[in-house]
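Q: Pasted the sequence and its predicted model underneath.
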Amino acid sequence: MKPMIVNTLSMYIPTTQTNIDMELKGKERIWEKYQKEIPLNDYYYARSCIRQNFWPGSEQTFIRILQDELGKNILDEKHHTTCSGIAYHCDVVPLETTMTIVARQFSLMSESGYKHFVPSCITSFGVYTEILETWHEFPEIEEKIRKMLSEATGRTFDKPEFLVHPSDVIYALRNEILQKAKYRLVNAKTGEPLKCVDHIGCHYAKMFPEKGVGGAEFPHVLVGMIEAWGGEVVDYPERRTCCGFGFRQYMVQANRGYSIACTKRKFDSMESYKPDLIVTNCPGCPYFLDRWQYVIAEMEGKVYTDDGYGIPVLTYEELAGLVLGYNPWELGLQMHQVSVEPLLEKMGYEYDPTDKYVVGDKNINTRPETPNILKIFNHGEKE
Amino acid sequence: MEKKNKNVLIVGAGIAGMEAAAQLSELGYEINVIEKEALSGGHVNQWYKTFPYFDSSKTVVDFTSRNNEKLNFFTETEITFAEKNGLGFKINTDKNRQILADAVLLATGFEVFDAHRKEEYGYGIFKHVISNADLERNFINGWPEEGNSPRRFAFIHCVGSRDAKAGNLYCSKVCCATAVKQAIEIRQHFPNSEVYCLYMDLRMFGKHYEEMFQAAQEKYGIHFVRARLSEVNQNMDNTLLIKVEDTLTSRPMKLTVDYIVLMSGMEPALKSSELAKFFGLPLDENGFFESAQALVSENKTCVEGVFLAGAATGPKTIVETINDARSAALSIHHYLQNLS
């Protein structure tokens, strides 16, 4: 007998490799798989219905960064409407209606001579992605919608050559932004990177992982920005858990307990990592992660930072704006429930706290009511 | 003897190919074996012990290698072209060899499902998320970090099998019994450990499998929970937090463990579609080779002179594979006798 078998197998787990190295390598392997083409100029921008109310400074900051800072061409078109995504996800309108509305947005884009559609809202991005995929799989549905749009408005449309989310655009331009950066995501006193939690909107990549930078399970879109700008990403066990919005979790009033329980689960999970900030790319996520901190404090007496102010929650445009040294009050950071000043202090940011309630040339004399538990940073007064 | 003039090409030197080779060489045929790896034995060569009797896998590989000295091996070799040549076949290899064969046996086996594809399970990201194949290697090579005894293990059944998202609707058949075997081995190796098997169904179909399963519960205190894993995350202390749904109570459940073992299933061998084209064979909907008569003659194909054995036609246990290889050898023997 002459068996050919020789046991040459090596140990599976290399003892010299640290967990962190392996984690990074594993994530990079996934990130390589989910790369998307992002155009670097000529954007047709479709604003978000709820972001304009929740975070009015964010969309303005996106346009400012692209136009003024980086010299890009972006059309802030006036005639588009809601995409009706919230109504669609709440089962209030039929899909055909949403598709026809979307077809009209594409028609406005085509009419303006643009081919790169950039919807501000994550849910819109998800809706547009889902519709384009549906039309791709079922061309007869696209034909039906073309007919419906034509009958209703006399319009025709071209589909976008690229559909990208503004967070994709900022991701693609993160190094250009870094070149103009006035601040890094670094604690000015200690020199340590700020610990940043990234939270991705569900409709960004969970439905179509290949449409998001880095896929659905370990998205890279915000991680890339954080790391490029000097911060450190906090990976915590409830990272993938919903922000708490969840549409019907919140929209149906009787379900709101689910909403806040979900948010609380995230905060309980991230607390021990002591994050300095949370950055998001969705309209709803920053709202719920921000406002529910106040509600949790009122209900449970619990605040998730030692200083009692809570964890600041930013949009990626606000974060980019801070890195570029913009006036925090022009970014609209006074719209946040959780005070952002402790973060500005950590970054060694030069700003005027008394401008917090100045709108245009008008200083608003009234101040928001102070919560019982969650501390508010000096209400725009000088210390 | 006239049959000595006949030769058979066996593609794949796993236990199916080797058993068929041993049988056919005993019948006096000249046997050429093409193997893409450097060694024979296939996946079994990388397994520590077998179920349900906990025999060494080496026993199986040694047994199927019993006639190795009578065989012509072409290792680290792959087929680049094949065509009908009279009643036989002409085969070219990537080593610029041409092999003439009167009959061909495809014993190309399977690939272990690549657990990286279940991204949410964290394989390749979290150090202590390992696969069933990795676990066997740990037992063969010595368990790493021996001094730091892990306490809690979770075995995740049906990874890449019966999973529409992974594109595999079929059952991989051997993973349930493998999980029970490996869970027992963990309890034997780490006597203070606590072991959970999170299963979809438990398919204890073979002889003495049920007894092994009983022993796992009664003697080794292994917890069997009907549950599906949704995601794996790492806690601050590097333990793993897993989220599952208990599918009997329909409730979500969290579990903190030190190790997760993913029971990766079987997928068709990578080159199956290429070989199928060379020999003009159909593949089934899952990408395994399709038999001419799956019910009564699984070894035969629609092409005269081309035969199938082992996991090339779908997931099989070791016992089934060896029986299947013998059956294929007999079919080839009858075919070659009729040919002459």
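A: Nice, thanks for sending it over.

Q: Quick check: the residue of the stretch 101-250 of chain B nearest chain A.
A: B:Ile125 (3.4 Å; C-beta to the nearest C-beta). (Glycine included, C-beta is placed from N, CA and C.)

Q: Quickly list the domain ranges of chain B.
A: B:2-109+B:269-337, B:115-265 (automatic domain parsing).

Q: burial measure for residue 141, as a count.
A: Went with chain A since none was named. With neighbours defined by other C-beta atoms under 10 Å in any protein chain shown, the count for A:Ile141 comes to 16.

Q: my question was about chain B
A: Counted by other C-beta under 10 Å, the residues lying close to B:Asn141 total 15.

Q: Which stretches in chain B count as helices?
A: For chain B, the helices defined by DSSP state H occupy B:15-26, B:57-64, B:132-141, B:175-189, B:209-218, B:272-279, B:318-339.

Q: just the stretch 201-350 of chain A next, same as before
A: A:202-205, A:221-228, A:248-251, A:256-270, A:284-300, A:316-323, A:341-347 (DSSP state H, counting those that start in this stretch).

Q: In PDB, list the C-alpha atoms belonging to the third one.
A: I take that to be helix A:248-251. Extracted in PDB, the C-alpha atoms of helix A:248-251 (Å, rounded to 0.1, in the frame of the first residue of the first chain):
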ATOM      1  CA  ARG A 248     -45.000  51.800  11.000                       C
ATOM      2  CA  GLN A 249     -43.200  51.400  14.300                       C
ATOM      3  CA  TYR A 250     -43.600  55.200  14.700                       C
ATOM      4  CA  MET A 251     -46.300  56.200  12.200                       C
END
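
Q: residues of it that come out buried?
A: Neighbour-count burial for helix A:248-251 flags A:Gln249, A:Tyr250 (criterion: 16 or more other C-beta atoms under 10 Å in any protein chain shown).

Q: again, but for stretch A:118-136
A: For stretch A:118-136, by 16+ other C-beta under 10 Å, it's A:118-132, A:135.

Q: Show the model's pLDDT score for residue 329.
A: Picked chain A for this. Note for A:Trp329: predicted pLDDT of 94.

Q: hmm, I had chain B in mind actually
A: pLDDT, B:Ala329: 98.

Q: How many neighbouring residues does it have?
A: 26.

Q: Okay, now the unreliable bits of chain B?
A: B:1-4, B:145-148, B:340 (pLDDT under 70).

Q: pull the CA atoms of the biggest strand by length in it into CSV?
A: In chain B, assigned by DSSP state E, the strand with the most residues is strand B:223-234. Provided in CSV are the C-alpha atoms of strand B:223-234 (Å, rounded to 0.1, in the frame of the first residue of the first chain):
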residue,chain,number,x,y,z
HIS,B,223,-28.6,22.0,24.0
PHE,B,224,-30.6,21.6,20.8
VAL,B,225,-32.7,24.7,19.9
ARG,B,226,-34.8,25.0,16.8
ALA,B,227,-33.6,28.4,15.7
ARG,B,228,-32.4,30.4,12.7
LEU,B,229,-29.5,32.8,13.0
SER,B,230,-30.0,36.3,11.8
GLU,B,231,-26.7,38.0,12.6
VAL,B,232,-23.5,37.8,14.5
ASN,B,233,-21.8,40.7,16.3
GLN,B,234,-18.9,41.0,18.6
